[in-house]
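Colleague: How does the following fold in three dimensions:
(one chain, ligands or ions: 1)
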Amino acid sequence: SHYKLTYFNLRGRGEIIRYLFAYSGIKYEDYRIEWADWSSIKPTIPFGKVPILEIDGVIIHQSLAIARYLAKENGVAGKTPLEQALVDAIVDTIDDFMSMLPWAEKDHDVKQRVFDDLLTNTAPGLLQDLEKFLGNKNWLVGESVTWADFYWDVCSTTLLSLKSDLEDSNPNIWVLKRRVQALPAIAAWIQQRPKTIL
Ligand SMILES: Nc1c(S(=O)(=O)O)cc(Nc2ccc(S(N)(=O)=O)cc2)c2c1C(=O)c1ccccc1C2=O
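Modeller: Alright, predicted model coming up:
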């Protein structure tokens, strides 16, 4: 099959999909839209939002739906429907927090204040809950890596870039982060990917 990922030159909502392609070893086109081209590309996209993944001409939108599809195709979605539900619950929990951040806020003062408030007052509770859920396991769900572990690495990279001292507590979730980054295919991708702030 021919795969084409369309997103911006950002990790953002596209990076989980790039991790799954890296892990699966499947070749794909990593098309990064120039901001200048976005207004002409946007009307051609079914729901006007990216990322989208085109698979042999079929367009899938919504980053987590795309990621879940690739995870199922590549054996990292959870081994049973029950495990898959736990994986989805963790992904949605992490995504709920990331989506609370006012990324599109135009007023920089408001944006900075709300980011700081959420990162200072809400993020610690999320991290404590993830630490408790992980316990002394190697992976968040089941006996082997799933895309919930990938999503934790993807999102925690951005969280640390926004507030580095989040790494000062809840040790095991940071051990998990390093475990994901040590997977050869993921390590290779992180080394070779375009370096962007977000
Ligand atoms: N980096 C970003 C950026 S941006 O760089 O500031 O553009 C934006 C962003 N959302 C977003 C929100 C509203 C709009 S709209 N339709 O224009 O109003 C567009 C994008 C996210 C991220 C993430 O990194 C991210 C990571 C993980 C989960 C969700 C998001 C995430 O939602």
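Colleague: From now on I want contacts and neighbour counts done on CA atoms only, so please keep to that.
Modeller: OK.
Colleague: Assign the residue of the chain at minimum distance from the ligand to one of the three secondary structure states.
Modeller: The nearest approach of the chain to the ligand comes at residue 12, 3.2 Å away (CA to the nearest ligand atom). The local conformation at residue 12, judged by DSSP: H, G, I helix; E, B strand; the rest coil, is coil.
Colleague: Could you count how many residues lie near it?
Modeller: Applying other CA atoms under 10 Å, we find 18 other residues in the vicinity of residue 12.
Colleague: you'd agree it is up against residue 197?
Modeller: No: Residue 12 is beyond contact range of residue 197, at 9.5 Å (criterion: CA atoms under 8 Å).
Colleague: Residue numbers of this protein in contact with the ligand?
Modeller: Taking CA under 6 Å from any ligand atom as the measure of proximity, the chain contacts the ligand at 12, 13, 95, 98, 99, 103, 104, 155, 198.
Colleague: Run through the residues that contact the second one.
Modeller: With contact taken as CA atoms under 8 Å, 6 or more residues apart in numbering, residue 13 is in contact with 51, 63.
Colleague: With the first one instead?
Modeller: With CA under 8 Å, 6+ apart as the criterion, the residues that contact residue 12 are residue 198.
Colleague: now the fourth one
Modeller: Contacts were defined as CA under 8 Å, 6+ apart; by that measure residue 98 touches residue 155.
Colleague: Helix or strand: which one has it?
Modeller: helix 81-100 (DSSP states H and E).
Colleague: That helix - what's its average pLDDT?
Modeller: For helix 81-100, the mean per-residue pLDDT is 98.
Colleague: can you start the count at 641 instead of 1 from here on
Modeller: Okay, using 641 as the starting number, the last item reads as helix 721-740.
Colleague: ok now it, how far from the chain's centre?
Modeller: Counting by CA atoms, centre = their mean, to the nearest Å, helix 721-740 is centred 11 Å from the centre of its parent chain.
Colleague: Give me the angle between the helix or strand hosting residue 772 and helix 721-740.
Modeller: Secondary structure from DSSP H and E places residue 772 in helix 763-774. Counting by axes from the mean of the first three to the mean of the last three CA atoms, to 10 degrees, helix 763-774 lies at 170 degrees to helix 721-740.
Colleague: Thanks again, I'm all set now.
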